[in-house]
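A.B. asks: Sharing a model that was predicted from the sequence below.
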Amino acid sequence: LANKTSKTVIFTDLDGSFLDQQYNYNTIKPIINHLQTLNTPIVFCSSKTKAEILFYQKTLKINEPFIAENGAAIYIPKNYFTTYPKSNKQTDQHEVIELGAPYKAIRNKMKRIAQKLKMKIIGFGDMTEQEVAQQAGLTLQMAKLAKQRQYDEPFRIVQGNPERFLKTLKEQGLTCTQGGRYYHLMGNNDKGKATALLRNLYDVEFGRVATIGVGDSRNDQPMLKQVDIPIFVQKRKENALRDTWKKIANLAG
Ligand SMILES: [Mg+2]
């Protein structure tokens, strides 16, 4: 990066950007360990739930802010920054900045529109833990965490015209985006707005920080627009994840 004296912050998606198709990060683990020794914050910015992201944070001993459910909420460990926006909420461990709309309201709107258009839509809220596990290739334990949704509904269109459905959702003030595996329905939030807000908190705390963004799908584009160095993972290539993270380590180190 141009200014080596400034702090570097990495915003990264999880599926397809940090985790491979089998939800594994073994191939990049040494690089992640190296980045941790450099005190480079790795900020997960995912469509996954708070519960899922906390699982990965704990196994990797990462204690940094993270962005859950496609930018619907930002979780910041308590006392991480000295100042916070006034509107934030709190949990035992985190300051929480909410940007999303409630899950139940999103689901109700989705169902109403699907019914009106005579479409068949299946969201995570319609599926059992076993079904989510089987369909998404998750363990039952992870499927449980994936179903603990507060804002964003991953769904598939089983029957009906996708374009008409997506257009109607938009007219109703909802945001629909595509991740690696599912469509995602949410309120007026995206990964970009949350990234910009969190980046600003880093800037206030540390002076202008340098930011790297890592993504692999359409829902990552708003996040990639908010960082200094956007990296789009070419996941069809062999060793795509390892090569991407090697590049990041070079940039950050
Ligand atoms: Mg992804």
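C.D. replies: That came in fine, so what should we check first? Numbering: from 1, shown residues only.
A.B. asks: Give the other helices and strands that the longest helix along the chain contacts.
C.D. replies: The helix that spans the most residues within the chain, counting by DSSP state H, is helix 191-206. Packing partners of helix 191-206 (3 or more CB pairs under 8 Å, 6 or more residues apart in numbering; DSSP states H and E): strand 8-12, strand 66-68, strand 73-77, strand 210-215, helix 221-225. (Glycine included, C-beta is placed from N, CA and C.)
A.B. asks: now the fourth one and strand 8-12, what's the angle there?
C.D. replies: In other words, strand 210-215. Angle, strand 210-215 to strand 8-12, by axes from the mean of the first three to the mean of the last three CA atoms, to 10 degrees: 10 degrees.
A.B. asks: Mind listing the strands strand 210-215 pairs with, and their directions?
C.D. replies: strand 8-12 (parallel), strand 229-232 (parallel) (DSSP bridges).
A.B. asks: what sits up against the longest one?
C.D. replies: In this case it means strand 8-12. Under the criterion CB atoms under 8 Å, 6 or more residues apart in numbering, residues 1, 18, 35, 40-45, 67, 195, 198-199, 202, 209-215, 223, 226-227, 248, 251-252 lie in contact with strand 8-12.
A.B. asks: List buried residues within those.
C.D. replies: Buried by 16 or more other CB atoms under 10 Å: 18, 35, 40-45, 67, 195, 198-199, 202, 209-215, 223, 226-227, 248, 251-252, out of the contacts of strand 8-12.
A.B. asks: Residue 199 against residue 211, yeah?
C.D. replies: Yes: between residue 199 and residue 211 there is a contact under CB atoms under 8 Å: 5.8 Å.
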